[in-house]
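> This is a predicted model, with the sequence first.
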Amino acid sequence: MLYTIFKRTLIVCFIMSVHFFYAQTEVPTKKTQIGFGQIDYLSIKMPDNEVNMDFTGLHYNLKLNDWSYAGVGLYGAVGGIRGGFFTLGINAGIQQKLTDNLFIDAGFHFGGGGGASAPDGGGAFILPHLNLGYNFKHFSATAGYSYVDFFDGGTINSSQFNVAVQIPLNFELTSFKNRETSFSIDNLKNSSWNQKSNRLSLLVHLNNLDVTKGSYKGKTIRLAGFELNSYLNNNVFFFVKADGAYHGIKAGYMDIFLGGGYHLSMNKNRTNILAKFGVGAGGGGGVDTKGGFLIYPDLSIEQKLFDNIYATINKGYLMSPDSHFTSSTLGFGLKYYVDKDGTTSKERSFTSGKLKGLDVIIKQDLYIDAARDGGFNQNMHQISLQINFFLNKYIYGAGQTSFANFGDAGAYAEGIVGLGVQSNTFFNNTTSIFAQVLGGAAGGGGISTGQGLIVKPSLGVNYKLTDKLNLRGGLGYVKARGGSLSSTYLNFGLSYNFSFLSVK
C-alpha cells in the first residue's frame, strides 16, 4: 500500500515538474531572414573556335539589408561539349530600386571548378554582372551583361548576355545558442512561432547507375549523395539532388538536379510512394554526356523505421534528352522528415517542439603536396561549402561539397558526408572547438584519388564575430582509397549558424 502511494506521488511530482519546466521556459522570439533563390543562364564563348558552353546556375542569397545581398551558388554546363563542368562560388551584390517594380542588380561571383578537359587552369574564376530587373510580385526576372574569366592559368574568358529568375525564399530563425531547447505545443502557440509549419526532408543515399548506352556501357557506376525536398503542400514538393561517383569508373563523375514530385502516403503514413522528375547537369570521369544536360525520372518507396526516419529504395532512369547517354538507376538510403517553423498543419497534429541547430560554412582549403596522377606532388586549393545539422547539442551530421580553384587542378571536386562533435563555448562565450570525420566521393583535375573514395578527419576552432557569424579554422588529413592522395590540409572560413523550430 505504501509502495503504491509512493509510486503515484512520484508520478504526480514528475508530471508537475515537466509542466513547470515548460511553463517557466521562455520561448525565444522568432526572427525572419529575408532571402531569395536564383536560377540564371549564360552562354560562354569558348577558345579555339569551340562551340559555346551553356552555363546555368543555382544560387541562394541572404538579404543583408534593403539593398545588398550575399550567398553561394553552383554552376553546371548544360550545352556545348563540356558535360561535367561544375563550379562552386560565393555571391555578393546590390539591388537598387528605380521604380516600385523596376530595379538594377549589380553583383559579383567568385569561385572555383571546371572539368571535362576544359581549359580551366587552376579553376579560379570571377563572374560579375550588371542586370536590369522587374518584380512580378511572386518572382523577379533580370537580364543584362556578364563577364567570366578563369584567371588562374585558364583560357576561358568571355563577355555575354545573361538572364535570371529570382524567387523569394525566407526562413525563420533564432539564436544558435538556443539549440536543443524543448517546449510544449501550448507554449509555442502563445508565442511568435504560432503559424503554419513547413515540411522538409533530407535523404542521404547510395545510387547505382547501370549504363545502357554511351561511354561505360555495361558498367555500374556507384554514387553517393543527398536529396533535399521542400513541400508546397501535403503531396507536391520540389527537390534538389546531387551525387558523385566513388566506385566503378575513374573518379570525377557528378550530377546535380532540380525538379518536382508527388508524394502519396498510405498505411497510416508509415509507407510513402514518391514520383519525381528532375532536370540538371552531369558528367565527368570519362562519362560522355555531350553538353551535360540530363533528365531524371524516378519512383521511390519509403518505409518508416522510427519517429521521422524512413528507409528508402528508388528506381529510375538518368539520360541525356537525345539518348546519347542512358542509364537505369537503383538506390538505397535513409530519409529524415522535419516539420519546421510553425505549430499548425492541416495534415498533422503536434504535441511538442524543439529548436535545432544548423551551421552553414564557406571556407578555403589548402591540400599540402597533393599527389597527382602523373607521379608528382603539388599544393592544391579548393573552395568548400559545408552544412552541419546538429543531432543534439554537441553532435552534428555534416555534408560538404568542394571545388578546386588554385593549383592546376580545376576539374577536382568532392562530395562528402560524416559526423562531428562541437564543444560548448568558452573564453567569455566566444570560442568553441570541433572534431569531425567526413568521407565520400572525390576526383578529377589529375588528383590521384583512384576510383574516388576519400576520408577526411579534421579538428579546429570557431571564434564568434556576431550572434550568427563566426570565423572558423581547421587542420586535417585527407586519404584516398585506391589512389596516392595522402595529404595534410588546412582551411579557414566563415560560418553562419542559427536555430530553427522542429515540431512533432
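Now that the structure is in, tell me what you want to look at.
> what's the single longest strand in this structure?
When secondary structure is assigned using DSSP state E, the longest strand within the chain turns out to be strand 352-371.
> Could you give the number of residues near residue 167?
Using other Cβ atoms under 10 Å, the number of residues around residue 167 comes to 12. Just so you know, the C-beta spots here come from the backbone N, C-alpha and C atoms, and that holds for glycine as well.
> Dump the C-alpha coordinates for the helix or strand harbouring it into CSV.
Under the assignment given by DSSP states H and E, the secondary-structure element containing residue 167 is strand 157-168. What follows is strand 157-168 as a C-alpha-only set of coordinates in CSV (Å, rounded to 0.1, in the frame of the first residue of the first chain):
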residue,chain,number,x,y,z
ASN,A,157,37.4,34.5,-71.0
SER,A,158,34.1,35.8,-72.3
SER,A,159,31.5,38.6,-72.2
GLN,A,160,27.9,37.6,-72.7
PHE,A,161,24.2,38.3,-72.1
ASN,A,162,22.7,36.6,-69.1
VAL,A,163,19.1,36.1,-67.8
ALA,A,164,17.9,35.1,-64.3
VAL,A,165,14.8,34.3,-62.3
GLN,A,166,14.7,35.1,-58.6
ILE,A,167,12.2,33.7,-56.1
PRO,A,168,11.7,34.9,-52.5
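> Helix or strand with the lowest mean pLDDT in the chain?
Taking mean pLDDT, DSSP states H and E as the measure, the helix or strand of the chain with the lowest value is helix 2-24, at a mean of 42.
> Helix or strand next in line after that helix, which one?
Downstream of helix 2-24, the next assigned helix or strand under DSSP H and E is strand 31-33.
> Partner strands of that following strand, with direction?
Under the criterion DSSP bridges, strand 31-33 sits next to strand 171-173 (antiparallel) in its sheet.
> Relative to the whole chain's centre, how far out is the partner strand?
Centroid separation for strand 171-173 versus its chain: 17 Å, with Cα atoms, centre = their mean, to the nearest Å.
> What's the first helix or strand after it?
strand 182-184.
> now for that next one, which elements pack on it?
With contacts taken as 3 or more Cβ pairs under 8 Å, 6 or more residues apart in numbering; DSSP states H and E, strand 182-184 sits against helix 2-24, strand 352-371.
> Which parts of this protein are helices?
Counting by DSSP state H, the chain forms helices over residues 2-24, 185-189, given from the N-terminal end onward.
> Contact partners for residue 468?
Under the criterion of Cβ atoms under 8 Å, 6 or more residues apart in numbering, the contact partners of residue 468 comprise 175-176, 496-498.
> ok, now residue 326?
When contacts are taken as Cβ under 8 Å, 6+ apart, residue 326 is in contact with 211-214, 317-320.
> What score does it have for pLDDT?
You'll see residue 326 listed with a pLDDT of 95.
> where's it relative to residue 287, distance?
Noted for residue 326: a distance of 12 Å to residue 287, by Cβ to Cβ, to the nearest Å.
> what touches both of those two?
The overlap between the contact sets of residue 326 and residue 287 (Cβ under 8 Å, 6+ apart) consists of residue 214.
> buried set for stretch 236-249?
The neighbour-count check on stretch 236-249 (16 or more other Cβ atoms under 10 Å) flags 237, 239-249 as buried.
> what do you get for stretch 475-487?
Burial within stretch 475-487, assessed by neighbour count using 16+ other Cβ under 10 Å, is assigned to 476, 478-480, 483-485, 487.
> Now it - C-alpha only, CSV.
Once non-C-alpha atoms are left out, stretch 475-487 reads as follows in CSV (Å, rounded to 0.1, in the frame of the first residue of the first chain):
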residue,chain,number,x,y,z
LEU,A,475,43.6,21.2,-39.6
GLY,A,476,43.1,17.8,-41.0
TYR,A,477,44.2,14.9,-43.2
VAL,A,478,42.8,13.5,-46.4
LYS,A,479,43.4,10.0,-47.7
ALA,A,480,42.2,8.3,-50.9
ARG,A,481,41.3,4.6,-51.1
GLY,A,482,42.9,3.2,-54.2
GLY,A,483,44.8,6.4,-55.0
SER,A,484,48.0,8.2,-53.9
LEU,A,485,46.4,11.2,-52.3
SER,A,486,47.6,11.4,-48.7
SER,A,487,47.9,15.0,-47.5
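> how far away is the residue nearest to residue 255 when sequence neighbours are not counted from residue 69?
Across the structure, with Cβ to Cβ, 6 or more residues apart in numbering as the measure, the residue nearest residue 255 apart from its sequence neighbours is residue 282 (3.1 Å). Distance check for residue 282 against residue 69: by Cβ to Cβ, it reads 29 Å.
> do residue 292 as well
When residue 292 is compared with residue 69 (using Cβ to Cβ), they lie 28 Å apart.
> Tell me which of the two has more neighbours.
Between residue 292 and residue 69, counted using other Cβ under 10 Å, the more crowded position is residue 292 (30 against 22).
> That one reaches residue 284, doesn't it?
No: if you go by Cβ atoms under 8 Å, residue 292 and residue 284 don't touch, sitting 9.1 Å apart.
> which ones are touching residue 228?
Residue 228 touches 200-203, 239-241, counting by Cβ under 8 Å, 6+ apart.
> repeat that with 7 Å
Listed by Cβ atoms under 7 Å, 6 or more residues apart in numbering, the contact set of residue 228 reads 200, 202, 239-240.
> Sitting in strands, which of those residues do you find?
Among these, the members falling in strands (DSSP E) are 200, 202, 239-240.
> Make CSV out of these and add distance to residue 377 and pLDDT.
Converted to CSV, the ones in strands among the contacts of residue 228 look like this (distance: Cβ to Cβ, whole Å; pLDDT from 0 to 100):
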residue, distance to residue 377, pLDDT
200, 42, 95
202, 37, 93
239, 40, 96
240, 36, 94
